[in-house]
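> Okay, sequence plus prediction incoming.
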Amino acid sequence: MSDKNTENTAGAGVPPPEKDAVAGKRETFKPLSRRSFMKASALGALLIGGTSTAMLPLRKFKSDTSLEDFFQQHYDLLTPERMERILTRIEKEVKERYGVDADVQDPKPIPDVQFAYALNISRCVGCRRCVHACVEENNQSRDPEIQYIRVLEMPEGTLDVEKSNHYYEPDKVPVKGKYYLPVQCQQCENPACVKACPVGATWKDKDGIVVIDYDWCIGCRYCEAACPYWARRFNFSEPKIPKEQINPEMAYLGNRIRKKGVMEKCTFCLGRTRKGLMPKCAEACPVGARQFGNLLDPDSVIRRILREKRVYVLKEDVGTQPKFYYWFDK
Amino acid sequence: MRQSFLSKTSTKTVYAFKLWCSTSCLACLFAFASFASDHKETTLPGRNMVNYTPVQGYLQPLKLRRETLFEYTCNECHRVFDTAGDKKTRIAEHVDLKLNHGKDVGCLSCHHKTNRNAYVTNDGREIPSNRPEELCSRCHSMTYRDWTIGAHGRTTGAWNRAGKGWHALVCTECHNPHSPQFPYLAPMSGPVIPKRTFKMGVH
């Protein structure tokens, strides 16, 4: 009977080996097992999760303005129209974050001007008013407080800055037997910090001011290490400034509010000086120890001091050629 | 000195002077009562932490001004009063005046003998009151020379002499002429040492 049956089926035209093959195929095409399902879904979840985590920074872009920030070009390549858009974007950001109506500008260097500073160390009393006028003007972070100017308290009879102390807190200054040496960015003619920058975020402008593009800075702090005067500061955290203490007149390369993870430093208050005003530290000095002017004008205060007084620069031997001159007359 | 001065003048002048004194006293009292509320110490709110005024502001040397808004120049009294010859006697406006300016310097070393609104040169000529630097240059010639080139003293406004708002403060805008040495100041706060950081030199 069984032979007959097979013969009958064979007679139907299906050969036995083919029948075996079909049966084998059915065996491999099993419904999805639990294990493989779990494997596949875990892999999928990992893929989706990983991708979304990698794309997480993109979520922070709330509007297209920040995307513009992301794709911003180097300062040298910016056209005036593009610069205008960037300035409005910064104003908008300041308004969003601090609620202040800022006026952000990008003042250009004045032709035929090289800024230089002269400081009379026989007049300076170390009262640190310049330090706080600077903090006030340049929108530095108040917590942690960033100060551009360091006033060194030096023992009389030496010019060695290694013997100085900048954490002095006496009741009254000047202390007998001490003199005071304020140090800030020396705006070198041959700046070591510019050479150290790997991305070209800092450069010497035409009026001699060494500036930083805070949007281009990557925060590697090489320049901080390169500076022989300890003039550069790093924003370790998001700057915290009380709303009422924000200076609304901002400059793109100067005192606009910085962000976390970028370098900053003294820029001779370029937002003021490029419009013809004195830097704020010079305005604030109660004893008139600070003079500021144009190095190329033969009748300027600076040139007269250089001509008639005993002037020296800090760390002349390192070859940075600072444009910050210390002098004394007693 | 004052007694001798009064005895010399006629009784009519004395009466006139007494009348003037009493009326001005009343006027002062009235003015003080009406303006006392306006004279509060004003502190600037907001972002002005640093005081930009000079250490010893002495901006208007001739505008004497008490609690009232009553202003008068030196000569308004001194056309009646003579100056005390000795340096120690001080009356009226000058009771709280402390002269600590060099050795052997008296009122008439700087102020003109007859025109009290002016200063005096070495040879007795008048220096207008709005040019105190010429008076100071009599003794402090080197400092005056530094001031003229811009090396001494404060400059405000523009960094360029030709710039808008450039102003070099004159001597009496910073120095009190009767006690020119600056007072000692309390320093503002220094660099903040962040937490979790070693203090320099201390381990």
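Alright, I've got the coordinates.
> Do you know the pLDDT at the most centrally placed residue in chain A?
Residue closest to the mean C-alpha point of chain A, counted by CA atoms, centre = their mean, is A:V262 at 2.4 Å. We have a pLDDT of 94 for A:V262.
> just checking, it touches A:S237?
No - counting by CB atoms under 8 Å, A:V262 sits too far from A:S237 to count as a contact (11.7 Å). C-beta coordinates here come from the backbone N, C-alpha and C atoms, glycine included.
> Return the longest helix that chain A contains as PDB; C-alpha atoms alone will do.
Determined from DSSP state H, the single longest helix within chain A is helix A:34-54. What follows is helix A:34-54, C-alpha atoms only, in PDB (Å, rounded to 0.1, in the frame of the first residue of the first chain):
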ATOM      1  CA  ARG A  34      12.600  34.900  21.700                       C
ATOM      2  CA  ARG A  35      16.300  35.000  21.800                       C
ATOM      3  CA  SER A  36      16.900  36.400  18.400                       C
ATOM      4  CA  PHE A  37      14.100  38.900  18.900                       C
ATOM      5  CA  MET A  38      15.700  40.100  22.100                       C
ATOM      6  CA  LYS A  39      19.100  40.300  20.300                       C
ATOM      7  CA  ALA A  40      17.700  42.300  17.400                       C
ATOM      8  CA  SER A  41      15.700  44.700  19.500                       C
ATOM      9  CA  ALA A  42      18.600  45.300  21.800                       C
ATOM     10  CA  LEU A  43      20.800  46.100  18.900                       C
ATOM     11  CA  GLY A  44      18.200  48.400  17.400                       C
ATOM     12  CA  ALA A  45      17.700  50.200  20.700                       C
ATOM     13  CA  LEU A  46      21.500  50.600  21.100                       C
ATOM     14  CA  LEU A  47      21.700  52.000  17.500                       C
ATOM     15  CA  ILE A  48      18.900  54.500  18.000                       C
ATOM     16  CA  GLY A  49      20.100  55.500  21.500                       C
ATOM     17  CA  GLY A  50      23.700  55.900  20.400                       C
ATOM     18  CA  THR A  51      22.700  58.000  17.500                       C
ATOM     19  CA  SER A  52      20.500  60.200  19.500                       C
ATOM     20  CA  THR A  53      23.200  60.700  22.200                       C
ATOM     21  CA  ALA A  54      25.700  61.600  19.500                       C
END
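> Any idea how far that helix is from the middle of the chain?
In terms of CA atoms, centre = their mean, to the nearest Å, the centre of helix A:34-54 is set 39 Å apart from its chain centre.
> got it, and stretch A:254-273?
Distance of stretch A:254-273 from its chain centroid, counting by CA atoms, centre = their mean, is 9 Å.
> do stretch A:197-208 as well
13 Å.
> Identify the residues contacting that stretch?
Applying CB atoms under 8 Å, 6 or more residues apart in numbering or on different chains, the contact partners of stretch A:197-208 are A:74, A:109-111, A:113-116, A:187-189, A:191, A:193-194, A:210-213, A:216-218, A:220, A:222-223, A:253, A:263, A:270, A:274, A:295, A:323.
> Now a ChimeraX select for only the buried ones of the residues you listed.
In ChimeraX, a selection of the buried entries from the contacts of stretch A:197-208 looks like this (16 or more other CB atoms under 10 Å in any protein chain shown):
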select /A:109,110,113,114,115,116,187,188,189,191,193,194,210,211,212,213,216,217,220,222,223,253,263,270,274,295,323
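> Helices of the chain, residue ranges please.
Just going to use chain A. A:2-11, A:16-28, A:34-54, A:56-59, A:64-70, A:80-98, A:129-137, A:192-196, A:222-226, A:270-273, A:280-284, A:301-308.
> hm, I was asking about chain B
B:2-8, B:11-35, B:74-78, B:107-110, B:132-136, B:141-149, B:171-174.
> so where's the chain shaky on pLDDT?
Just so you know, I chose chain A. A:1-30, A:60-66, A:330 (pLDDT under 70).
> looking at chain B here, not the other one
B:1-49, B:53-71, B:84-93, B:194-203.
> near chain B, which residues of the stretch 151-300 of chain A?
By CB under 8 Å from any CB of the partner chain, the residues of the stretch 151-300 of chain A that approach chain B are A:151, A:166-174, A:236, A:244-247, A:273, A:276-279, A:282-288, A:291-294, A:297, A:299-300.
> Where strands are concerned, which of those count?
Among those, the ones falling in strands (DSSP state E) are A:151, A:291-294.
> In CSV, list these along with neighbour count and distance to B:H178.
Converted to CSV, those look like this (neighbours: other CB atoms under 10 Å in any protein chain shown; distance: CB to CB, whole Å):
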residue, neighbour count, distance to B:H178
A:V151, 28, 30
A:Q291, 28, 28
A:F292, 25, 31
A:G293, 27, 33
A:N294, 23, 38
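> of these, closest to B:Y119?
Top of the list for closeness to B:Y119, among these and by CB to CB, is A:Q291 at 27.6 Å.
> Against A:I305, how distant is that closest one?
A:Q291 sits 6 Å away from A:I305, going by CB to CB, to the nearest Å.
> burial of A:K259, as a residue count?
15 (other CB atoms under 10 Å in any protein chain shown).
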